[in-house]
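Novice: My questions concern the predicted model and sequence given below.
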Amino acid sequence: MFEWFDLTVYAFFATTIARHFFPPGNEQAAMLSTAVTFGVAFLMRPLGAVVFGLIGDRRGRKVALTLSFAIMAVGTAMIAFAPTFAMAGVWATVILVTGRLLQGFSASGEIGASLAWLVESSASRGQGVATGWLNLGVYSALLMGSLAALAVDGLMSPQDAQSWGWRLPFVFGLLIAPLGLYLRSHMGESPEFVSAAATRAPVVSRAALREAVVGILKLTALSGFASPVVYLILVFMPGYATQELGLPMALPRVSTFVACLVLVALVVPMGRLCDRVGSGSVMVVSCAIGTGLIVPLAWNLMRSPSLFSLLLLQCTLSACLAAYASSCGPLAVRLFPVSRRALGVGLGYNLGVIVFGAFAPFVTAWWTAATGHKMVIAWYVFAGGLISLLVALSLRTAERLPARAESIGPA
């Protein structure tokens, strides 16, 4: 939770950061530069997924998770204590960008190793709950980020908030670093990894490589539903509802906060449901419901913009996302053998975020401005959901197959 908080809190203070770390005199250029700096964290994700995936598959999940946490702490510290442009000139920008690069690099290595460790360390009937707890940490970061922004703006004077108050959430995120490093350095390795590592590594065949590539592509496609819901229906919606629908900013902020609460509250119970009825069934049903309802719910919002119609859209999609995200984890792990699991899951997930989520707000905003069609967001989510639904249907029987374990050789 704190690691993803360190990564996401940047977005809540983008305007202030733009004023402190880029040349003064051109507010628009500064904001564009800040947006680019936010985006470079996404561009680091494939690289981080490969590096930490290889470490996790060869040296162990524990080593990868401890290293990723340490790098996130370094990147966050660079942002928290970076000198401003007025103090250090272009070096201030360099420090800020480097901090964001390290944050993106670290976060990209978190999902593959974390998911592999959790599922491998859980009983077969508890893997959905384990995935739910992982998602609880990830999505709680959105709530913490919004609360941090509200606290800084509400408890400090505007001058102090703009001058130095924005640094406090980053410093707050660093407070967990000693405890986090202690816990991860003292955690046990997953039993499945230890068992596979005790035997000699087999020669990787062409068929095995092809199977790994197919697994990565399937996992990438599974992000077609989840990533647009997160970035368009939750993160991007307040600005969209204000600019395109004319709602006062307070309403979509309240609605988004409630929707995030729904998401966080349901991920673990939905994981328990997956353990009872099967992850494949929950994944297919939740994706089908969310994909089928996005267009009529969005049309209702466009026809009659209000807090109720916005809550109906965001909370419904959040409930579907909670079930979908908790069901994807156990099936995603089964796509790969132990020897390529951290790499396959991490790379597939991060590629999916880039393909379907990272640029979704920019693409839909440009498309809406070019066509004047306000339903672009809904059709984008619908298209991504269809792609995920097709893959989910093909994986529905995967939960009946035993997880593939193979030797990975000595570290």
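Specialist: Done, it's in.
Novice: In contact with the residue most central in space within the chain, which residues?
Specialist: Taking Cα atoms, centre = their mean, the centroid of the chain lies closest to Val138, which sits 6.5 Å from it. Val138 is in contact with Met1, Trp4, counting by Cβ atoms under 8 Å, 6 or more residues apart in numbering. For every residue, glycine as well, the C-beta is placed using N, CA and C.
Novice: which secondary structure elements does the helix or strand in which Ala113 is found contact?
Specialist: Using DSSP states H and E, Ala113 sits in helix 110-120. For helix 110-120, the helices and strands in contact under the criterion 3 or more Cβ pairs under 8 Å, 6 or more residues apart in numbering; DSSP states H and E are helix 45-58, helix 61-80, helix 127-155, helix 191-197, helix 307-334, helix 341-352.
Novice: Go through those and name the closest to Met1.
Specialist: helix 127-155 (4.1 Å; Cβ to Cβ).
Novice: Would you indicate which residues of the closest one are buried?
Specialist: By neighbour count on 16 or more other Cβ atoms under 10 Å, the buried set for helix 127-155 is 127-132, 134-146, 148-149, 152.
Novice: same question, stretch 356-373
Specialist: Residues of stretch 356-373 classed as buried by neighbour count (16+ other Cβ under 10 Å): Phe356, Gly357, Ala358, Ala360, Pro361, Thr364, Ala365, Thr368.
Novice: Closest one of those residues to Met237?
Specialist: Nearest to Met237, judged by Cβ to Cβ, of the buried residues of stretch 356-373 is Pro361 at 9.8 Å.
Novice: Please name the residues that touch Ala342.
Specialist: Neighbouring residues of Ala342 by Cβ under 8 Å, 6+ apart: Phe52, Gly53, Ile55, Gly56, Asp57, Arg61, Ala64, Gly112, Ala113, Ala116.
Novice: just for the stretch 301-411 of the chain, where's the confidence low?
Specialist: Scanning the stretch 301-411 of the chain for pLDDT under 70 picks out the ranges 397-411.
Novice: one more time with 50, if that's ok
Specialist: Scanning the stretch 301-411 of the chain for pLDDT under 50 picks out 399, 401, 403-411.
Novice: What's the local residue count around the closest residue to Met249 other than its chain neighbours?
Specialist: Setting aside the residues directly before and after it, Met249 is nearest to Thr242 in space (Cβ to Cβ, 6 or more residues apart in numbering), at 5.0 Å. For Thr242, the count of nearby residues is 16 (other Cβ atoms under 10 Å).
Novice: Let me see the contact set for Glu244.
Specialist: Taking Cβ under 8 Å, 6+ apart as the test, what Glu244 contacts is Thr368, Lys374.
Novice: so what's the closest residue to Ile176 other than its chain neighbours up against?
Specialist: Nearest residue to Ile176, sequence neighbours excluded (Cβ to Cβ, 6+ apart): Phe2, at 4.1 Å. Phe2 makes contact with Ala141, Gly173, Ile176, Gly180 under the criterion Cβ under 8 Å, 6+ apart.
Novice: Verify the contact between Ser190 and Ala113 for me.
Specialist: No: judged on Cβ atoms under 8 Å, Ser190 makes no contact with Ala113 at a distance of 9.7 Å.
Novice: Which one of the two is surrounded by more residues?
Specialist: Using other Cβ under 10 Å as the criterion, Ser190 and Ala113 rank with Ala113 on top: 30 against 23.
Novice: What residues does the more buried one make contact with?
Specialist: Each residue near Ala113 by Cβ under 8 Å, 6+ apart is listed here: Phe52, Gly53, Gly56, Arg61, Ala64, Leu65, Ser68, Ala342, Gly346.
Novice: any idea how far it lies from Lys62?
Specialist: For Ala113, the distance to Lys62 (Cβ to Cβ, to the nearest Å) stands at 8 Å.
Novice: what's the overlap in contacts for Ser190 and Ala113?
Specialist: With Cβ under 8 Å, 6+ apart as the test, Ser190 and Ala113 both reach Arg61.
Novice: what's the pLDDT at Ala30?
Specialist: At Ala30, the model reports a pLDDT of 63.
Novice: Apologies, that question was intended for Gly271.
Specialist: Predicted confidence (pLDDT) for Gly271: 94.
Novice: correct me, but it touches Arg125?
Specialist: No: the criterion here is Cβ under 8 Å, and Gly271 misses it with Arg125 at 11.1 Å.
Novice: re earlier: which members of the buried residues of stretch 356-373 occur in helices, if any?
Specialist: Among those, the members found in helices (DSSP state H) are Ala360, Pro361, Thr364, Ala365, Thr368.
Novice: Can you say which two of these are spatially most distant?
Specialist: Farthest-apart pair in those is Ala360 and Thr368; separation 12.0 Å (Cβ to Cβ).
Novice: any idea which element Thr93 lies in?
Specialist: Following DSSP H and E, one finds Thr93 within helix 90-108.
Novice: As CSV, could you dump the C-alpha coordinates of that helix?
Specialist: Output of helix 90-108 as CSV, limited to C-alpha atoms (Å, rounded to 0.1, in the frame of the first residue of the first chain):
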residue,chain,number,x,y,z
VAL,A,90,18.1,22.3,-14.5
TRP,A,91,19.6,19.9,-11.9
ALA,A,92,16.3,20.1,-9.9
THR,A,93,14.5,18.8,-13.0
VAL,A,94,17.0,16.0,-13.4
ILE,A,95,16.6,14.9,-9.8
LEU,A,96,12.8,14.9,-10.1
VAL,A,97,12.8,12.9,-13.3
THR,A,98,15.4,10.4,-11.9
GLY,A,99,13.2,9.9,-8.9
ARG,A,100,10.2,9.2,-11.1
LEU,A,101,12.2,6.8,-13.2
LEU,A,102,13.3,4.9,-10.1
GLN,A,103,9.7,4.8,-8.8
GLY,A,104,8.3,3.4,-12.1
PHE,A,105,11.2,0.9,-12.3
SER,A,106,10.5,-0.3,-8.8
ALA,A,107,6.7,-0.6,-9.1
SER,A,108,7.0,-2.6,-12.3
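Novice: and it, what's its mean pLDDT?
Specialist: For helix 90-108, mean pLDDT is 89.
Novice: Measure how it sits relative to helix 127-155, angle-wise.
Specialist: 150 degrees (axes from the mean of the first three to the mean of the last three Cα atoms, to 10 degrees).
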